[in-house]
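Q: no letters, just coordinates:
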């Protein structure tokens, strides 16, 4: 069994054990549908890491633990200490093997928010299947996706992690962070703009069975 199929099997087993049959069936239907047809539109953003940060997030909750997880060894250490990554502990392993960076906030030892980033093409490819353009050879980094437990949203946790993520990438010599947000995801767009993101383009992803198409176009700005 390939590592991909093994990961899907373990994820499905976890969903069945923790959430029951209906969530598992829903996840399987979602995956099957995406295998057949996908049509998504995105906004493309970039954040300059050389400019001073215009914000200093102060989460509304103080008793949290922030962790940067760069390897599976560190993941295993945290799991051994009782930190609960849930299904993300299964899905993270291939990404970490390829060099992706995981950023987490825990409330107690329960995962409240998870973020990803990549500084190489290989690390980005394992996070996103869309051939989005990031020039890693020119000190650009991929800022990855964000997911916060609904129980802990609107507490400023994601903004805190984004700031720490940008700080780390800057110390690694990166000058620009790039990311995409689905056109329908207003929360992600607002978060990115608040963090200093500049809209520079739009993208469209179309997939029909094995055929895929990704097109980017710059945003036309009116002259001032």
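A: Sure, I can see it. Note that the coordinates shown come from a computational prediction; the quantities given were computed from them, not determined experimentally.
Q: from here on, contacts and neighbour counts on C-alpha atoms
A: Noted.
Q: quick one: low-confidence ranges for this structure?
A: Along the chain, segments meeting pLDDT under 70 span 1-35, 54-55, 221-224.
Q: give me that answer again for 80
A: For the chain, the stretches flagged by pLDDT under 80 are 1-36, 52-58, 87-90, 220-224.
Q: residue 199 and residue 219, how far apart?
A: Relative to residue 219, residue 199 is positioned 7 Å away (CA to CA, to the nearest Å).
Q: the two: which has the busier surroundings?
A: residue 199 (18 against 12; other CA atoms under 10 Å).
Q: so that one lies in a strand, does it not?
A: Yes - applying DSSP: H, G, I helix; E, B strand; the rest coil, one finds residue 199 inside a strand.
Q: wouldn't it be in contact with residue 45 here?
A: Yes - counting by CA atoms under 8 Å, residue 199 touches residue 45, with 4.6 Å between them.
Q: report how many residues lie close to residue 81.
A: Residue 81 has 10 nearby residues by other CA under 10 Å.
Q: for residue 75, which residues are in contact?
A: 69, 89 (CA atoms under 8 Å, 6 or more residues apart in numbering).
Q: state the distance from it to residue 101.
A: 11 Å.
Q: any shared contact partners between the two?
A: Contacts common to residue 75 and residue 101, judged by CA under 8 Å, 6+ apart, are residue 69.
Q: how many other residues sit next to residue 186?
A: 11.
Q: quick one: the strands in the chain?
A: Using DSSP state E, the strands of the chain run over 37-48, 64-69, 101-107, 110-117, 140-142, 146-148, 176-182, 198-208, 211-218.
Q: quick one: those as a markdown table, columns for distance to residue 57 too.
A: Formatted as a markdown table, those follow (distance: least, CA to CA, whole Å):
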| stretch | distance to residue 57 |
| --- | --- |
| strand 37-48 | 17 |
| strand 64-69 | 14 |
| strand 101-107 | 14 |
| strand 110-117 | 15 |
| strand 140-142 | 21 |
| strand 146-148 | 16 |
| strand 176-182 | 19 |
| strand 198-208 | 19 |
| strand 211-218 | 31 |
